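**Q** the sequence and its predicted three-dimensional model are supplied below.
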Amino acid sequence: AQTVTQSQPEMSVQEAETVTLSCTYDTSENNYYLFWYKQPPSRQMILVIRQEAYKQQNATENRFSVNFQKAAKSFSLKISDSQLGDTAMYFCAFMKHEGNKLVFGAGTILRVKS
Amino acid sequence: DVKVTQSSRYLVKRTGEKVFLECVQDMDHENMFWYRQDPGLGLRLIYFSYDVKMKEKGDIPEGYSVSREKKERFSLILESASTNQTSMYLCASSLLRTDTQYFGPGTRLTVL
């Protein structure tokens, strides 16, 4: 079975600085998908970024980028120029190639301070 | 924009009651999901449905059942609520099996 580990329960960062959230996963699959989701205090979960394992290029979405290291089974999220609105719980998630089932990590609470 | 709505934001029920949680999506998505979210455990999949009247068990189906009579609506049923089912319940939907899942706002269920 796949597992996803987020080793940082809580993190904080100053506004405008850069922060990196860690995620590792365990799988014997070769093709799969990885996701970062954000859950602000209002609770609506939204997608931050998605990566297909067969793509070597790291996904980027504005201030959000990932460092995907397939051999190390690592998928970290970098947030540049942090904003107060980035304060949220961030979840890393894994999906096998055949789809549907998402496996989530425990989450990291990120607090952006002014 | 995809919209996934859930019938209640907060719900308080008594042990032994039958509980229905409703989820509706407005984007004609094929797949719908029910997760529960607990501190330190992240989200865990309870059930999902890939078509009307079709369902598959997720990782923690015990104590739950589901119903999908119409494509846009997916219900989670707690046949006899217990205190260990106190949790946040999140519904999600996706068009294709490998597509991004879109989440509803969640229902905070408390079983007394």
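**A** Arrived safely, thanks for sending. Numbering: from 1, shown residues only, chains lettered A, B, ... in the order given.
**Q** hey, let's count contacts and neighbours off CA atoms from now on
**A** OK.
**Q** and chain A, which residues reach chain B?
**A** A:42-47, A:91, A:95, A:97-107 (C-alpha under 8 Å from any C-alpha of the partner chain).
**Q** pLDDT weak spots in chain B?
**A** B:1-2 (pLDDT under 70).
**Q** which residues of it fall in strands?
**A** Listed in chain order, the strands of chain B (DSSP state E) span B:4-6, B:10-13, B:19-25, B:31-38, B:42-51, B:54-57, B:65-70, B:73-78, B:87-94, B:102-103, B:107-111.
**Q** which of those sits closest to residue A:38?
**A** strand B:102-103 (10.9 Å; C-alpha to C-alpha).
**Q** who does that closest one pair up with?
**A** Its sheet considered, strand B:102-103 pairs with strand B:87-94 (antiparallel) by DSSP bridges.
**Q** write out the residues of chain B neighbouring chain A.
**A** Checking chain B against chain A by C-alpha under 8 Å from any C-alpha, the hits are B:31, B:39-45, B:58, B:97-100, B:102-106.
**Q** so which bits of stretch A:34-46 are buried?
**A** A:34, A:35, A:36, A:37, A:38, A:39, A:40, A:43, A:45, A:46 (16 or more other C-alpha atoms under 10 Å in any protein chain shown).
**Q** is the third one in a helix, a strand, or coil?
**A** Three-state secondary structure (criterion: DSSP: H, G, I helix; E, B strand; the rest coil) places residue A:36 in strand.
**Q** residue of chain B closest to chain A, please.
**A** Across chain B, the shortest distance to chain A (C-alpha to the nearest C-alpha) belongs to residue B:42, at 3.9 Å.
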